[in-house]
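Enquirer: what's the 3D shape of this:
(one chain, ligands or ions: 2)
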Amino acid sequence: MYSNVRYLTSHGWAVLCCVATEMLTALAPYPSSTFRPTSIRCANDRQALFNRIAPVYDNLNDLLSLGQHRIWKRMAVSWTGAKMGDRVLDVCCGSGDLAFLLSNNVASHGKVIGLDFSKEQLTVASSRSFSKNCHKNIEWVQGDALDLPFDDGWFDAITMGYGLRNVVDKRKAMQEILRVLKPGSTVSILDFNKSNELLTSSFTEWMIDNVVVPVASVYGLSEDYKYLKSSIREFLTGKELEKLALEVGFSTARHYEIGGGLMGCLVAKH
Ligand SMILES: C/C(=C\Cc1cc(O)c2ccccc2c1O)CCC[C@H](C)CCC[C@H](C)CCCC(C)C
Ligand SMILES: C[S@@+](CC[C@H](N)C(=O)[O-])C[C@H]1O[C@@H](n2cnc3c(N)ncnc32)[C@H](O)[C@@H]1O
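Expert: Ligands and ions are numbered 1, 2, ... in the order given. This is a model prediction of the structure:
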């Protein structure tokens, strides 16, 4: 069984990286309170980033995608095949969009766990539960996608929206998802598509440089949103994601390009 708030930063490299960041901060010629790492590399940097952007995250997603992200998230949830009575998991749930959609699919006899390592994102998710017309079947758990606090074969379906690109060890995250998924069940992983098409990748980068970052700068979050571009560059293509899923032990894996090729969804079966 899982235990709530069983989050431990247990990754030696992550800790080492953040100790180094702290040392650089101490040496920096300006106060540490104004220090923002220009490269968001370790798990602690990413956790801090998602805590910082939590208050504006939902509104900016609606604005920047012109509401399209809601359609992409519906597609991702429908591809899991989650049905009434199922026990399902939304890894890297953030403010809870996918968990709320799953909640409707599994209905009152089912159970949804939304897991994230950002306390601020979970606070937003849980406050949205009150205003949403959803079943009271969601539990918010603070935890690490790289060390899921659940038994093997616990879930009938799993979703992950814009999460895999943000975890430091993508293979480990996929292994953990496979471990907690029931044999025969499906995970659906939505994210930006690292496209091989020059036109598509150029459009994504142009949007980030000329729309996303300038809009985020209004909230003092330009550095945090600049990270989007590097994280997409360092991500895996659809074919590479399919290969990774099969390597860790999924029996089938298919990556679908959606949103005009800007987004992608990896659907893999245990
Ligand atoms: C869904 C969006 C962003 C999610 C998101 C993911 C992350 O990993 C982050 C990391 C750090 C900071 C923020 C985020 C984050 O917000 C919004 C995506 C918007 C796209 C950049 C642009 C969409 C362009 C068009 C309006 C869509 C047109 C679609 C049409 C069907 C062609
Ligand atoms: C871009 S947000 C996506 C939120 C939500 N799934 C959505 O689609 O809007 C990425 C989320 O992943 C979470 N995250 C990143 N790495 C994580 C990890 N190792 N363990 C748990 N959560 C993580 C962040 O805290 C953040 O809330």
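
Enquirer: Show me which residues of the stretch 1-150 of the chain sit near ligand 1.
Expert: Within the stretch 1-150 of the chain, the positions adjacent to ligand 1 are 53, 60-61, 64-66, 68-69 by CB under 6 Å from any ligand atom. Placement of C-beta: from N, CA and C, glycine included.

Enquirer: Just the buried ones from those?
Expert: 53, 60-61, 64-65, 68-69 (16 or more other CB atoms under 10 Å).

Enquirer: middle-most residue in the chain, spatially?
Expert: With distances taken as CA atoms, centre = their mean, the chain has residue 163 as the residue nearest its mean C-alpha position (1.9 Å).

Enquirer: For that residue, list the residues it contacts.
Expert: 91-92, 94, 145, 173, 189, 191 (CB atoms under 8 Å, 6 or more residues apart in numbering).

Enquirer: let's see it at 10 Å
Expert: 90-94, 98, 115-116, 145, 173, 189-191 (CB atoms under 10 Å, 6 or more residues apart in numbering).

Enquirer: now do residue 129
Expert: With contacts defined as CB under 10 Å, 6+ apart, residue 129 is in contact with 96, 99-100, 103, 114, 135-136, 138-140.

Enquirer: Least confident of those?
Expert: The weakest per-residue confidence within the contacts of residue 129 falls on residue 135 (67).

Enquirer: still on that earlier bit, so which of the contacts of residue 163 belong to strands?
Expert: Using DSSP state E, the subset of the contacts of residue 163 located in strands is 90-91, 115-116, 189-191.

Enquirer: ranking those by neighbours, who comes first?
Expert: residue 90 (31 neighbours; other CB atoms under 10 Å).

Enquirer: Quick one: residues contacting the residue nearest to that residue when sequence neighbours are not counted.
Expert: Nearest non-adjacent residue to residue 90, counting by CB to CB, 6 or more residues apart in numbering: residue 99, 4.2 Å away. By CB under 10 Å, 6+ apart, the contact list for residue 99 reads 77, 88-90, 93, 112-116, 125, 128-129, 134, 137-140, 159, 161.

Enquirer: Narrow those residues to those that are buried.
Expert: Counted by 16+ other CB under 10 Å, the contacts of residue 99 give 77, 88-90, 93, 112-116, 125, 128-129, 134, 137-138, 140, 159, 161 as buried.

Enquirer: Tell me if the host helix or strand of residue 227 is near ligand 1.
Expert: For residue 227, the host element (DSSP states H and E) is helix 222-233. Yes: figure legend: helix 222-233 in contact with ligand 1 (CB under 6 Å from any ligand atom); contacting residues 224-225, 227-228.

Enquirer: can you list the residues of the chain near ligand 2?
Expert: Applying CB under 6 Å from any ligand atom, we find that the chain lies next to ligand 2 at 43, 46, 50, 92-94, 97-98, 116-118, 121, 144-146, 161-163, 166-167.

Enquirer: Please narrow those residues to those residing in helices.
Expert: 43, 46, 50, 97-98, 121 (DSSP state H).

Enquirer: Appreciated, that's everything.
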